[in-house]
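Chemist: Give me coordinates for this.
(2 chains)
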Amino acid sequence: MFNKVLVANRGEIALRVIRACRELGVQSVAVYSDADVQAPHVRDADEAVRIGEAPSSESYLQGERIVEAAHATGAEAIHPGYGFLSERAWFGRLVREAGLAFIGPPPEAIEAMGNKTAARKLASAAGIPIVPGTTEGVRDAEEARGIAARFGYPVLLKASAGGGGKGMRVVRDASDVEPSLEMARREARNAFGDEAGYVEKYIERPRHVEIQVLADNHGTVLSLGERECSIQRRHQKMIEEAPCIAVSPELRHRMGETAVAATRAAGYRNAGTCEFLLDRDGAFYFLEMNTRLQVEHPVSELVTGIDIVQWQIRIAAGEALPFPAEMTPRGWAIECRITSEDPANGFLPSTGRIEYLHVPSGPGVRWDGGIEAGSVVGLHYDPMLAKLIVWGANREQAIARMHRALDELVILGVATSREFHLRVMENEEYRRGEVGIQWLEQRLPHLLAIGAPEERRMAAAVAAALLAERDRDTRRGANPCSPSPARGDAWLAAARREGVR
Amino acid sequence: MKYLVDVDGERIEVSIGADGARVGGRVVHAHLADVEGTPIHLLRIDDTVHRVAVRRGTERGRYDLWMGGYSFRVEALDERSRVIRELTQAKNGPKGPAPVTAPMPGLVVRVHVIEGQQVVAGQGVVVIEAMKMENELRAAADGTVKRVVAVQGIAVEKGAVLVEFERVSGPDGG
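Modeler: Next up, the predicted model:
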């Protein structure tokens, strides 16, 4: 095992890795920018090295300075966390060439999986299902019909450079191919000046389901089961859970085997994630592999009992995975990403100082955070403040627990996504698990428009009136410290007596 | 004292007196206690308890409240203060639509309007980049662009005025 590990990240994930180091008896080194001099990850590490100015391009993305910091402190390995340099093959090489261990996959595996097209080819060659699609433009409607028949309807007709829904048509039977192809071409010609048409299998209301894998240096590759990550806004995951309501033990086994095959094909080591689209008939298609620790790894940790971050460090130190090949998830875990974004204001990022923070606790609640009261939330970094994760015996209990925990959470000083998460937990479709990757975008206007029930608004009005009454007394020159009522108000007198009883 | 409290666009009358609070024609015992050293208060309405997180606004009577899974931006004023505030607001009103200001520090990446241009409510006028995200700022009401302060490529502070408007001139010169 290493004696000392440098953590090349900030915020909640730096703290997460530092905690894993502590538990393993490994010394930790934090790095920080000028904006993070007093950040929690700096204080909780054993040593800390300044690496530059606030913008990440001047600090957390400065690979050479980070390697220098490792040398200066005598760290033997570097954990990159997620984001920043975690998926940069050159950084992995830099670390390796400096004689240090990179706690993550080899740079060759990052390269093999880093490019979506290359990853698709690699997966396809390994016999892994990918969303069927043509790579060359179709000549005419007849050829398109032939391809569509092969893929099975519905199919998507799209323009090469297409995007944003322009030049795309969903076609449900053969008679629609010709007019739709014409229309797609016309739109594409107008929007992109290119009218080549392509055919792709159209997956209806798919879920985003991913498989967590762990691979050691002794030939063992394990699937830790799936995570459901369909609740996304603009391709950003907001809520994740494990397991997935749509995955049976048999499907879990097949998806796990597929992910393990992809991992082996890429020569991958350490923790990684294979992302799939899962359609409503249980067919799944490989999308890409994330060659790093994922934000949502805690939900897998809670249902498998495996500390993924500790095992990342152990694998990098040469240990062999001792777990059985087949794992059954225990209970249900949900994660909500608490971000400094204001749902009531189009999810605009909110900045400021955290004036007050009350973190939920009690049975089955885990808080992976990077903020404290007094922390300044700026604009230099990601808006994720913390992850609230719960575990329950089943999905119903996990949802109730998440709702309870969100209710306990208080963050004052910046606007947060807390209430958005509460509204999702209260939503009937979400509670039934009837979600797909488009669900949130479709339901968001409805979710954000939900107002408080009548009796809550009444209570808020009473609270406001009592506050105004109190502020009025203070303004009139009453000594706010005085235990006796400032004026002859019997109710206030009674209230104060009760307050100090 | 009688308060007119605006909650989520609804005006609720609350009287605070020796007999507790009168709200919605009902008299209840109401009591607010501090949790020392925190912005948390304990509100009791009869036997019901509510945990209330309070943030005082910049103007008298304005509070941000968090309670029971919802947040409220409320304004509680006695009748006289309410009349005064409404008069001052009415006086300030006809100046024209509110300017677009930066909701956070960021970089101006695009300016969509020029001086003299007519805009409609909800129309995007400036895009600023913050936290690696582009955010489109929109006009709050119909109007004419009076002045464009924002310059592409320039960093702005929170609250900086980016675009000013004047009301679309009507027959009375509005």
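
Chemist: For the stretch 301-450 of chain A, just list every one of the helices.
Modeler: A:308-316, A:395-408, A:418-426, A:428-432, A:439-449 (DSSP state H, counting those that start in this stretch).

Chemist: nearest to B:Tyr63, of those?
Modeler: helix A:418-426 (16.9 Å; C-beta to C-beta). For glycine as for every other residue, the C-beta is placed from the backbone atoms N, C-alpha and C.

Chemist: Hey, what's the angle from that closest one to helix A:395-408? Just curious.
Modeler: If you take axes from the mean of the first three to the mean of the last three C-alpha atoms, to 10 degrees, helix A:418-426 sits at 160 degrees to helix A:395-408.

Chemist: Which stretches in the stretch 101-250 of chain A count as strands?
Modeler: A:101-102, A:155-163, A:166-171, A:197-201, A:207-215, A:221-233, A:236-242 (DSSP state E, counting those that start in this stretch).

Chemist: would you list the ones you listed in TSV and tack on mean pLDDT, distance to A:Asp279 and mean neighbour count?
Modeler: Output for the strands of the stretch 101-250 of chain A, formatted as TSV (pLDDT from 0 to 100; distance: least, C-beta to C-beta, whole Å; neighbours: other C-beta atoms under 10 Å in any protein chain shown):
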stretch	mean pLDDT	distance to A:Asp279	mean neighbour count
strand A:101-102	98	36	22
strand A:155-163	67	13	20
strand A:166-171	78	14	20
strand A:197-201	84	9	22
strand A:207-215	98	8	25
strand A:221-233	97	12	24
strand A:236-242	96	19	24
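
Chemist: Between these, which one is closest to A:Glu136.
Modeler: strand A:197-201 (8.0 Å).

Chemist: list the buried ones in the longest helix along chain A?
Modeler: Secondary structure assigned by DSSP state H gives helix A:454-475 as the longest helix of chain A. Within helix A:454-475, the residues scored as buried using 16 or more other C-beta atoms under 10 Å in any protein chain shown are A:456-473.

Chemist: Where do the helices of chain B begin and end?
Modeler: Under DSSP H, chain B gives helices at B:79-92.

Chemist: residue ranges with poor pLDDT in it?
Modeler: B:19, B:90-96, B:132, B:168-174 (pLDDT under 70).

Chemist: Quick check, central residue of chain B?
Modeler: Closest to where the C-alpha atoms of chain B average out (C-alpha atoms, centre = their mean) is B:Arg73, at 7.5 Å.

Chemist: Near chain B, which residues of the stretch 301-450 of chain A are found?
Modeler: Near chain B, the residues belonging to the stretch 301-450 of chain A are A:345-346, A:348-351, A:355-356, A:358, A:379, A:381-383, A:406-407, A:410, A:412, A:419, A:422 when assessed by C-beta under 8 Å from any C-beta of the partner chain.

Chemist: which among those end up buried?
Modeler: Buried among those (16+ other C-beta under 10 Å): A:348-351, A:356, A:358, A:379, A:381-383, A:406, A:410, A:412, A:419, A:422.

Chemist: what separates stretch A:376-391 from the chain centre, distance-wise?
Modeler: 11 Å (C-alpha atoms, centre = their mean, to the nearest Å).

Chemist: Fine, thanks again, bye for now.
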